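Novice: Predicted model and sequence below, questions to follow.
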Number of protein chains: 2
Amino acid sequence: MRATIRDVAKAAGVSAATVSRALNRPDLVDPETLERVRKAMEEMSYQPSAIARGLSARRSDTLGLIVPGITDFFFNELYKGIDRASQQHGMKVLLYDSEHSRERAFEGFSILSGYQVSGIIFTSKLVTEDYDPILQRLNVPVVLTLTQSVAKTPLTAFRIDEVRAMFDVVAYLVSRGHRQIAMIAGKLWDDRTGELRLEGYREGLRHFGIEYCDARVEFGQYRFDDGYQAMQRLLERIHDVPFTAVCTASDEMALGAIRCLNDHGYRVPDDISVMGFDDLPIARMVTPRLTTVAQPFLEIGEEAVKWLIRAASQPPSPSEIGDYLLPHRLVERESVRSIC
Amino acid sequence: MRATIRDVAKAAGVSAATVSRALNRPDLVDPETLERVRKAMEEMSYQPSAIARGLSARRSDTLGLIVPGITDFFFNELYKGIDRASQQHGMKVLLYDSEHSRERAFEGFSILSGYQVSGIIFTSKLVTEDYDPILQRLNVPVVLTLTQSVAKTPLTAFRIDEVRAMFDVVAYLVSRGHRQIAMIAGKLWDDRTGELRLEGYREGLRHFGIEYCDARVEFGQYRFDDGYQAMQRLLERIHDVPFTAVCTASDEMALGAIRCLNDHGYRVPDDISVMGFDDLPIARMVTPRLTTVAQPFLEIGEEAVKWLIRAASQPPSPSEIGDYLLPHRLVERESVRSIC
DNA sequence: GTCAACAATGAAAGCGTTGACATCGCGAGA
DNA sequence: TCTCGCGATGTCAACGCTTTCATTGTTGAC
């Protein structure tokens, strides 16, 4: 059986409380005693029970992370930021995959709170009013990443300015001589991001005096196959509504689109330019390397954790709750060509 | 404040013990009482504290997962299998990223055991004798995935037959008319996989009467850039030691190799064929689609969890501990060409 | 009619920590 | 010399659950 705090206490000739203090508030214990306790812990290879600590202190040094799907390509990047920041604060991360289901997401909140997490990071799915009841009775801080909330409960979110980002994409494309720009937008029933990016696209067109045309827009659910199929639909009417460039709502869809283009004998970027969105690691590994907009996943993850930790120590004032927009960056690579 | 088991008990007019039983052994409580308790739980939106339960019952319905790096591309696939199986058994997963550091891996074991996990899945890194002390004093079952152990402590592992897999690659290449086959092998200080795959390569050559040649082998640490650089070195001496095909130890390196080939004016597969290893999701997204060997990540994850859960309920007999080899599969796509 | 067996429940003792409070010396100020 | 203050430590009651053991009624066999 594992050594408990009392075993250590006995071995060091002190009380359990002192051992506990040696662990958590070493400044409160006599250096000499501290040394003895430390040695005892060492010898018995004592490992405090995080569970017991969690119960007693009503905190678990654990953060909960709810993601819609582990296999979403952006997950790794976001997680890296979260993990890094958590570690710096001595916290662990409990992962919960909602599998793109709203019910499972709800469940995620209660399960995680059952684990006494100090905070919950919710990712990617739009938070709507039906989350309110759960959110309301939750007694841990929640922060959103890569998404936002339209629920009543005030929630803070870390994300990029989606509209602006897509506007920038259009601006970039225009600067490279493109005027006929198609879009493969994102659409998911519980996702707002797609609409926002589409809005940015429309704003971009408008700004440069290009007429918007429904036939140049197709939708997909962010994955490779969606990109492929959307491009196929676009291609079917390319003679009626021609385009020289396509911007997409995700790198993965961009890959699908490129694949489709290749399959139909088009070269990227020679015949048609393609832009990604996200700047996942793969973006630089494929041929042609993807020109895309980089989301600051790492920073978003880190900021989310920091906010949560701050919120756990002192409840944030209403003014601190809200949307924090982090800067995106357009990464120029090879999938877009200049046409003059 | 959250409702506790006692609150529910009071509301339902029973004792806490009965509520606990209603939760864990419903067969032991009168159907009528059960109903009352259930309603009370519902009304108070009671969520049992996993922490308290863990402390009391000395189990936490949590599995620990130690991975060398979140951003390793195979992680998502493996995790999917683990998560799926865990969920079926009502378990959560606590993730620990050892960041490719042996010390952090050690730490991972004790931290996770501090969380009273019911089992630990250790991934990808070779387990050597220096793990023995930690392993020995750990009181939870451990299972290895995508790696194996050379430590004294008997450990079970789920993986593929690496040697055989690479042998199959060579056999496939030979069947497509290739005789001059280079290899970009994997090398990491705490990894055995690389050697095993190299061995399979050599065995394959031998079997088909092809002379092995050191100059046709380069090493990399499995990532994209490693593949790129290794290929560059191979290319430097291609006139002395020509090759028509390259097999690699990871899809990511294959991608890097292809990129390098492209950058030097070679076409894949027209000029040179490239084989990947792993069959990650990206393998089918790139152009050319990667011919590769598929590791059964999902199954490996699932089997590992099942084994752990079995081990937690009853200690496995020595005969059940050992290496379980799951079948790999060669996936034919477009990166290898037949030469006649 | 008696008693054993059994199903349904309650009482209470932990599980391994923490944290509020009490205690004990000891040196300093009066 | 007495007391106050303070640093160092101990005591003990939680924390929210599970689990053992004891206590009820009931039921059925003799």
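Specialist: All right, it came through fine.

Novice: Please enumerate the strands of the stretch 201-340 of chain A.
Specialist: Using DSSP state E, counting those that start in this stretch, the strands of the stretch 201-340 of chain A run over A:217-220, A:245-248, A:273-275, A:292-294, A:323-326, A:329-331.

Novice: These: which one's closest to chain B?
Specialist: Closest to chain B of these, according to Cβ to the nearest Cβ: strand A:273-275, at 12.2 Å. Quick note: C-beta positions are derived from backbone N, CA and C, even for glycine.

Novice: Which neighbouring elements make contact with that closest one?
Specialist: helix A:162-175, strand A:245-248, helix A:251-263 (3 or more Cβ pairs under 8 Å, 6 or more residues apart in numbering or on different chains; DSSP states H and E).

Novice: Show me the contact partners of the first one.
Specialist: Outside helix A:162-175, the residues within contact range by Cβ atoms under 8 Å, 6 or more residues apart in numbering or on different chains are A:181, A:193, A:196-201, A:203-205, A:207-208, A:210, A:245, A:247, A:273, A:275, A:277, A:291, A:293, A:328, A:330, A:332, A:336.

Novice: and with 6 Å instead?
Specialist: Outside helix A:162-175, the residues within contact range by Cβ atoms under 6 Å, 6 or more residues apart in numbering or on different chains are A:181, A:193, A:196-197, A:199-201, A:203-204, A:208, A:245, A:247, A:275, A:293, A:328, A:330.

Novice: and the strands of the stretch 201-340 of chain A as a markdown table, adding mean pLDDT?
Specialist: Below are the strands of the stretch 201-340 of chain A laid out as a markdown table (pLDDT from 0 to 100):
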| stretch | mean pLDDT |
| --- | --- |
| strand A:217-220 | 98 |
| strand A:245-248 | 98 |
| strand A:273-275 | 98 |
| strand A:292-294 | 98 |
| strand A:323-326 | 96 |
| strand A:329-331 | 98 |
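
Novice: right, so these: which one is the most enclosed?
Specialist: Mean neighbours per residue, mean count of other Cβ atoms under 10 Å in any protein chain shown, is largest over these for strand A:245-248, with a mean of 30.

Novice: Can I get it in PDB, CA atoms only?
Specialist: Taking Å, rounded to 0.1, in the frame of the first residue of the first chain, the C-alpha atoms of strand A:245-248 are listed here in PDB:
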ATOM      1  CA  ALA A 245      -8.800  31.600 -56.600                       C
ATOM      2  CA  VAL A 246     -10.600  29.800 -53.800                       C
ATOM      3  CA  CYS A 247     -10.400  30.700 -50.200                       C
ATOM      4  CA  THR A 248     -11.400  28.100 -47.700                       C
END
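
Novice: quick revisit: closest to residue A:303 out of the helices and strands packed on strand A:273-275?
Specialist: Residue A:303 lies closest, by Cβ to Cβ, to one member of the helices and strands packed on strand A:273-275: helix A:162-175, at 16.9 Å.

Novice: export that closest one as PDB, just CAs?
Specialist: In PDB, the C-alpha atoms belonging to helix A:162-175 read as follows (Å, rounded to 0.1, in the frame of the first residue of the first chain):
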ATOM      1  CA  GLU A 162     -12.700  35.800 -37.800                       C
ATOM      2  CA  VAL A 163     -14.300  38.500 -40.000                       C
ATOM      3  CA  ARG A 164     -11.200  40.500 -40.200                       C
ATOM      4  CA  ALA A 165      -9.100  37.400 -40.900                       C
ATOM      5  CA  MET A 166     -11.200  36.500 -43.900                       C
ATOM      6  CA  PHE A 167     -11.200  40.100 -45.000                       C
ATOM      7  CA  ASP A 168      -7.400  39.900 -45.000                       C
ATOM      8  CA  VAL A 169      -7.500  36.800 -47.100                       C
ATOM      9  CA  VAL A 170      -9.600  38.500 -49.700                       C
ATOM     10  CA  ALA A 171      -7.400  41.600 -49.600                       C
ATOM     11  CA  TYR A 172      -4.300  39.400 -50.100                       C
ATOM     12  CA  LEU A 173      -5.800  37.600 -53.000                       C
ATOM     13  CA  VAL A 174      -6.900  40.900 -54.600                       C
ATOM     14  CA  SER A 175      -3.400  42.300 -54.100                       C
END
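
Novice: burial measure for the closest residue to DNA strand C within the stretch 101-250 of chain A, as a count.
Specialist: Per Cβ to the nearest atom of the strand, residue A:116 is where the stretch 101-250 of chain A lies closest to DNA strand C, at 11.7 Å. Counted with other Cβ atoms under 10 Å in any protein chain shown, the neighbours of residue A:116 add up to 26.

Novice: Quick check: bridge partners of residue A:159?
Specialist: Listed by DSSP bridges, the beta-bridge partners for residue A:159 are residue A:325.

Novice: circling back: can you tell me the SS state at the residue of the stretch 101-250 of chain A closest to DNA strand C?
Specialist: On the three-state scheme (DSSP: H, G, I helix; E, B strand; the rest coil), residue A:116 is labelled coil.

Novice: winner for burial among the helices and strands packed on strand A:273-275?
Specialist: In terms of average neighbour count - mean count of other Cβ under 10 Å - the standout among those is strand A:245-248, at a mean of 30.

Novice: what residue ranges in chain A score low on pLDDT?
Specialist: Where chain A drops to pLDDT under 70, the residues are A:1.

Novice: Just the helices from it, written as ranges.
Specialist: For chain A, the helices defined by DSSP state H cover A:5-12, A:16-24, A:31-43, A:50-57, A:75-88, A:102-114, A:132-137, A:162-175, A:193-207, A:224-236, A:251-263, A:297-313.

Novice: how much space between the closest residue to residue A:206 other than its chain neighbours and chain B?
Specialist: Closest residue to residue A:206 apart from its sequence neighbours, by Cβ to Cβ, 6 or more residues apart in numbering or on different chains: residue A:212 at 7.1 Å. Look at residue A:212 and chain B: by Cβ to the nearest Cβ, to the nearest Å, they are 30 Å apart.

Novice: cool, residue A:162 as well?
Specialist: Residue A:162 sits 24 Å away from chain B, going by Cβ to the nearest Cβ.

Novice: Point me to the residue of the stretch 51-200 of chain A nearest DNA strand D.
Specialist: For the stretch 51-200 of chain A, Cβ to the nearest atom of the strand, closest residue to DNA strand D: residue A:56, 3.5 Å.

Novice: hang on, the earlier thing: and residue B:45, which of the strands of the stretch 201-340 of chain A is closest to it?
Specialist: strand A:323-326 (28.7 Å).

Novice: returning to that earlier point: burial of the residue of the stretch 51-200 of chain A closest to DNA strand D, as a residue count?
Specialist: Using other Cβ under 10 Å, residue A:56 has 12 other residues around it.

Novice: How about residue A:103?
Specialist: Using other Cβ under 10 Å, residue A:103 has 9 neighbouring residues.

Novice: Next: the one 4 residues further on.
Specialist: Applying the criterion other Cβ under 10 Å, we find 16 residues in the vicinity of residue A:107.

Novice: For the residue nearest to it when sequence neighbours are not counted, give me its contacts.
Specialist: Distance criterion Cβ to Cβ, 6+ apart; nearest residue to residue A:107, sequence neighbours excluded, is residue A:98 at 7.9 Å. Residues near residue A:98 by Cβ under 6 Å, 6+ apart: A:66, A:68, A:104-105, A:108.
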